[in-house]
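Student: Show me how the following folds:
(2 chains)
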Amino acid sequence: MEVSFATEIELLKLGEGETFRGEGILAVTKALLQSGVSYVGGYQGAPVSHLLDVMVQARPYLDTLGVHVEACTNEASACAMLAASINYPARGAVTWKSIVGTNVAADALSNLASPGVTGGALIVVGEDYGEGASVIQERTHAYAMKSSVWLVDPRPNLETIVRTVEQAFELSEASNTPVIMELRIRACHVQGEFKTRANREPLVSARAPLADPAGFHYERLAHPPVTFGQEKLKFEVRMPAARKFILDRKINELFKGPEDGVHSTVGIIVQGGLYNNLIRALQLAGQADAFGDTQVPILCLNVVYPLVPEQISQFCAGKSRVLVVEEGQPEYIEQEIATLLHRSDLPTRLHGKDMLQSAGEYSTEAILRGLSRFLQGDAVGDSAGDTTAGTALGEITAARTVAQTLLGTPQSHAPGGLTPRPPTFCVGCPERPVFSAMKLVQNDMGKLHVGADIGCHAFGTFEPFSQGNSILGYGMSLASIAGVTPFQQRRPIAIMGDGGFWHNGLLSGVSSNLMNHGDGVLMIMKNGYTSATGTQELVSSPEDTLKLLAGSGSSTHTEMTIESTLTGAGVKWMRTVHNYRVGDMMKTLKEALTSTEKGLKVIIAEGECQLERQRRIRPLNAEKLKRGERVVRVRYGVDENVCTGDHACIRLSGCPSLTIKDSADPLKVDPVAHVNNNCVGCGLCGEVSHAATLCPSFYRTEIVNNPNGWDRFITGVRQFFIRLLAPHGANA
Amino acid sequence: MTQDKSKNARPVCILISALGGEGGGVLKDWVVHTAHAAGYPVQATSIPGVAQRTGATTYYVEVFPVKRVDIKDRWPVLCLSPTAGQVDFFVGSELMEAARQMQAGMVSGRTTFIASTSRVYTTAEKMAMGDGRFDSDLGLDAARTVAQRAILFDMEAETRKAGTVISAVMFGALIGALQDALALPRELAEGAIKSGGKGTEPSLRGFAAGYAHAIPVLNAPENGSQSDSPGTDHEMETQPDFIALGRQRCSDYLDSAYAEWYGERLAPVLARDDQRLTRETARYLALWMCYEDVARVADLKSRLERFENIRAEAAATPDQPIKVVEFFKPGYGEVADQLPPALGEPLRAWAKKHGKVAIFENGIHVESTSFSGYAKLRLLAFMGRFRRSSSRYLLEQSQIERWLTAIVKAQSNDLALEIALTARLIKGYSDTHQRGKENFLRILETLIEGGEYSAETRTAYVRAAREAALADPEGRKLDGSLETAGIAPRPIKTQTVKFYPRDTEKRS
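Tutor: Residues are numbered from 1 along each chain as shown, chains lettered A, B, ... in the order given. Have a look, this model is predicted:
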């Protein structure tokens, strides 16, 4: 990875009583060091990539503390790392994107949770839910419940988050149970400040090694017959211990409100992570001030699992109605509270999903809508509060209605209206040409079933390519076509990135296909990194020496780990094609699709991630320019008067730098194609116009910076002769 | 301010909309830095995710308007996401994304709305066969209607002028506009830029430009600069003389006799005495008569002024030599086009029989800045002089005649106009051109020359068919449109389906 985290690393070094100012996820990272972790692991994914990325680059500093950092190849391996805390008093933390990462880690999580831990074990998950999320919308909560591990959901401000990390380790140790901390996307990226404490050296570490391994204790294995005892232990010993800790340390917060206020006979129970949105909704309803002093009593659950029954019943006692603000489905907390109330014979009426929207993010607006209904139904009645909430809701609705009258709704697709803008491949991305080739091949051969996967190549599902019939998970594309292949007349094709290949694809897809003598085509995008998550390294990432050799070229073609692995596994038909050669890619694809050879056909589409390449090249070129050395800059262009404005080239590319502009020719109505100055000269435009026999509008320009004597001489000679041949008096 | 007053203070809510790679994150950091330096409690969040890969994203900042010294150890509860109707300041780098935030209700009567009039087109807009662009006027009008104050200017142009990134211009405009709500000295904002260290000077220039646009408060003139906002209706502009342009084009294409013929062909249409009809017929007749063949392309590519344009577009300085390489993939079809029918048709037949399309499978590269490459282009361009005997020429002229005849004979001027406009379908090269031409001819045969319809019905059908053909590159929508006019869809084109050998014995 070419990005530097030097400033972030400095923040990790802050000592006692200093002020940390930065993002939430970095604050968590700092909190881990303040808690004296021995080891940290994880798998990258928004919004928690930063934790691991910074830790990996901070290795030299972490070595001085004795903290081990491991960039795991998937979430299962990250979760399995926590096994170190089963036998040893070592604190450990791992991180990943949830729900998807937790799904992958689930097996290890169960086997970790059953024997329990000695040293504190914390899993920091990025709860990728709501606006900006890129995965299926499910809750991590279910995992905490079914594996009986504790789930903390702190109020989203840096001080609370950091304090909760520290408490989570203690909670984990006090109850011998791993703890999951869920942080929503915006909480990970929230910028704020907190007073730091000094980093603690871990009890057990590379700097303080143990003389002997732990003794043999069968009860620490997740293996029968002790698993039966472990299940009892979870609910008879560990959970009560956890509840006691939560109560004693006041981890959940009570905001009582005025004793004799209008709303003192109702209350709200909220997940910690939603606290700020709830307060804003209360503010808009005139029920809370700027500092969060509330008229409606609030029990804020910084630990959302397990609940502490006596705390809940105490809060509900004397209240006629309680609203549970719990995001997502199913409403586990609300259901448990309902059971609690029923068992304890409390007459408190319970509200939640009956008043709040059933699915989707609990934005301030969503909470305000529910809250407004809740307050209206208040037996005591507070017309002022209702009116304020109503006014705020009116403002919200009005703003939207007026704008939508003028601009249309997001669903109306009137001509001249707004069009969606999904993310797409970067300028010069090596994966774009593969989809151009696929589209062209399908023009010739007919449509294909395409198994899509997770990674940047999932952008191929968007326009202008619209390729992909299913996405089943990270590295699952080949496995996902196993049942499709037998009933297709044309071979299906699975797209997989090298990230997906190492995350899961080799095992779930390739080995399964080989064992079952499967057919089908596997396209592996070998760009050298897990680019979608921020270009983290893979086992097959090109070594620094290769990158140095490649200079401004692609450095992936010399790295052969994937090829040799596939050969070793028994793949017979394998071709490596450089991505930008669209014609070659089409030929190879057609060959793979029509080959009489049986078995899996693998095409390795090779081309280094352009993002990473540009980060390497730009400083190199800048340096060369500074030294006065000759540097050739390449970009593409479109002849405006040759272009007829049919945009066929765009339908085969979608490159952000290939855009349109008004035609300077007044006779032409439609905008013409145009290459803007973001072009990095990848060459796709030229390749596509060749491969598709598109049009002759495209040209390549090579601009010579710091030309040498020969450049100047030959240019002069050429210009002289060209002028002789040039038409005279012609008007364009 | 005492704590009691501060209890009812409302945070200043700032929503930033940007595209991935525009430096929105840096802008957010600058705002936080400035507000913090000015002594205000501030909190910011973002949802970067994959949006950093050129998608649209937002950043959200809340600044509490009471300084930290006045609230002692109490910290206000600030929100992490914007709420519709509650945003005080909005700044957006791109007009359609700004409009999207309006659509979501984020802009209201309390909002100072700052947005660039410049556009970065979406793929959906760009890939349309005709003009699929968002109507910028919609966005500008909505901004003026909805927002309390709309500050609209071309940030992209200011960015280019300052040689910086758009986030610097946005920052300047935001800080300028914020002067109404918060005490944020300009020096503090500039200090935030300086503390970043990289590209400070250009960023400060960009900042100053943005600031200047936002700072005037009393009846601030809206710097909409309509002229450079895209998507304005061509008809609103002063219309150039299309007939003169067409004559000129034809003369440049072939010779003065050809230009004369252009005028003669147009005469009967002029007789219909309908300005718009004349203009559109003049437009499409000129474009069609000057159809792009190999010679024309070579001619256009070998003009000296072209190289100057290329230099300018690539921002090459006069001392930097440039090399220009053209991408050609001549097919047998194009060669046959240039030959007289007696030679061209047999060649076409031969190529079809042998399944040959391109002469050079991998295409050819011609370096037009080299002597030999340039000479090749001039030679090809020269061949254009013998166009009149080429098979393509004869074909195009006969089709033009059919089209013109239909225009002249049309039952009404409205219908004549629709027929004239149908020629918009004919564009592109090779397959694209062929598809467009097929669609055109299909409409010409079925709806224009054929069928029994009233003038009004015919007009409506022709318009609908044209729009359908432009909406879908595969022609399915055109079929649908024709079906409503009672015309059966084309037989599905045969496509060679290649079956791969199946391992049947194993399954038995």
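
Student: show me where pLDDT drops low in chain B?
Tutor: Residues of chain B meeting the criterion pLDDT under 70: B:1-3, B:49-54, B:216-239, B:491-508.

Student: Pop the domain breakdown of it in here.
Tutor: Domain assignment of chain B by automatic domain parsing yields the ranges B:3-234, B:392-484.

Student: if you compare those domains, which one is most tucked away?
Tutor: domain B:3-234 (a mean of 21; mean count of other CB atoms under 10 Å in any protein chain shown). Every residue, glycine included, has its C-beta placed from N, CA and C.

Student: near chain B at all, the helix ranked longest in chain A?
Tutor: Longest helix in chain A by number of residues (criterion: DSSP state H): helix A:383-407. Yes: using CB under 8 Å from any CB of the partner chain, helix A:383-407 reaches chain B at A:392, A:395-400, A:402-404, A:406-407.

Student: just to revisit the earlier point, dump the domains of chain B to a markdown table, plus distance to chain A.
Tutor: Shown next, in a markdown table, are those (distance: least, CB to the nearest CB, whole Å):
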| stretch | distance to chain A |
| --- | --- |
| domain B:3-234 | 3 |
| domain B:392-484 | 4 |
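
Student: Tell me the residue of the stretch 401-550 of chain A that sits nearest chain B?
Tutor: A:Pro423 (3.2 Å; CB to the nearest CB).

Student: I meant the stretch 1-150 of chain A, not that one.
Tutor: For the stretch 1-150 of chain A, CB to the nearest CB, closest residue to chain B: A:Gly132, 2.9 Å.

Student: That residue in helix, strand or coil?
Tutor: Classification of A:Gly132 using DSSP: H, G, I helix; E, B strand; the rest coil returns coil.

Student: Confirm for me that it is in contact with B:Ala56.
Tutor: No: taking contacts as CB atoms under 8 Å, A:Gly132 lies outside contact range of B:Ala56: 10.9 Å.

Student: Can you point out the buried residues in the one helix or strand A:Ser436 maps to?
Tutor: Element membership for A:Ser436, per DSSP states H and E: helix A:432-445. By neighbour count with 16 or more other CB atoms under 10 Å in any protein chain shown, helix A:432-445 contains the buried residues A:432-442, A:445.

Student: Repeat that for stretch A:394-402.
Tutor: Buried, per 16+ other CB under 10 Å, within stretch A:394-402: A:395-396, A:398-400, A:402.

Student: Show me the domain layout of chain A.
Tutor: A:6-247, A:253-404, A:432-613, A:631-725.

Student: right, and the ones you listed - which one's nearest B:Glu361?
Tutor: Of all these, domain A:432-613 sits nearest to B:Glu361, with 7.5 Å by CB to CB.

Student: Start and end of that closest one, how far apart?
Tutor: Terminal residues of domain A:432-613 are spaced 16 Å apart (CA to CA, to the nearest Å).

Student: Any residue of that domain touching chain B?
Tutor: Yes: judged by CB under 8 Å from any CB, domain A:432-613 and chain B are in contact via A:445-446, A:456, A:459, A:462-464, A:486, A:489-491, A:517, A:519, A:532, A:583, A:593-596, A:598.

Student: Please narrow the residues you listed to those residing in helices.
Tutor: Reading helices off those with DSSP H, I get A:445, A:583, A:593-594.

Student: picking that back up, could I get the buried residues of stretch A:394-402 as JSON lines with distance to B:Ile243 and pLDDT?
Tutor: Output for the buried residues of stretch A:394-402, formatted as JSON lines (distance: CB to CB, whole Å; pLDDT from 0 to 100):
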{"residue": "A:Glu395", "distance to B:Ile243": "56", "pLDDT": "87"}
{"residue": "A:Ile396", "distance to B:Ile243": "55", "pLDDT": "91"}
{"residue": "A:Ala398", "distance to B:Ile243": "52", "pLDDT": "90"}
{"residue": "A:Ala399", "distance to B:Ile243": "50", "pLDDT": "89"}
{"residue": "A:Arg400", "distance to B:Ile243": "49", "pLDDT": "93"}
{"residue": "A:Val402", "distance to B:Ile243": "45", "pLDDT": "92"}
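
Student: Could you identify the helix or strand that succeeds the lowest-mean-pLDDT helix or strand in chain A?
Tutor: Every helix and strand of chain A was ranked by mean pLDDT, DSSP states H and E. The lowest is helix A:544-550, at a mean of 77. Using DSSP H and E, the helix or strand that directly follows helix A:544-550 along the chain is helix A:561-569.

Student: and that following helix, what other elements does it pack with?
Tutor: strand A:573-578, strand A:601-606 (3 or more CB pairs under 8 Å, 6 or more residues apart in numbering or on different chains; DSSP states H and E).

Student: That helix to strand A:601-606, inter-axis angle?
Tutor: 160 degrees (axes from the mean of the first three to the mean of the last three CA atoms, to 10 degrees).

Student: Give me the residues contacting helix A:561-569.
Tutor: Residues from elsewhere that reach helix A:561-569 (CB atoms under 8 Å, 6 or more residues apart in numbering or on different chains): A:498, A:501, A:506, A:510-511, A:514, A:524, A:526, A:539-540, A:574, A:576, A:602, A:604.

Student: end-to-end on stretch A:227-247?
Tutor: 29 Å.

Student: Report the mean per-residue pLDDT for that stretch.
Tutor: What stretch A:227-247 shows for mean pLDDT is 97.

Student: Give me the contact list for it.
Tutor: Contacts for stretch A:227-247 (CB under 8 Å, 6+ apart): A:113-116, A:148, A:150, A:170-171, A:174-177, A:219, A:222, A:251-252, A:303, A:306, A:308-311.
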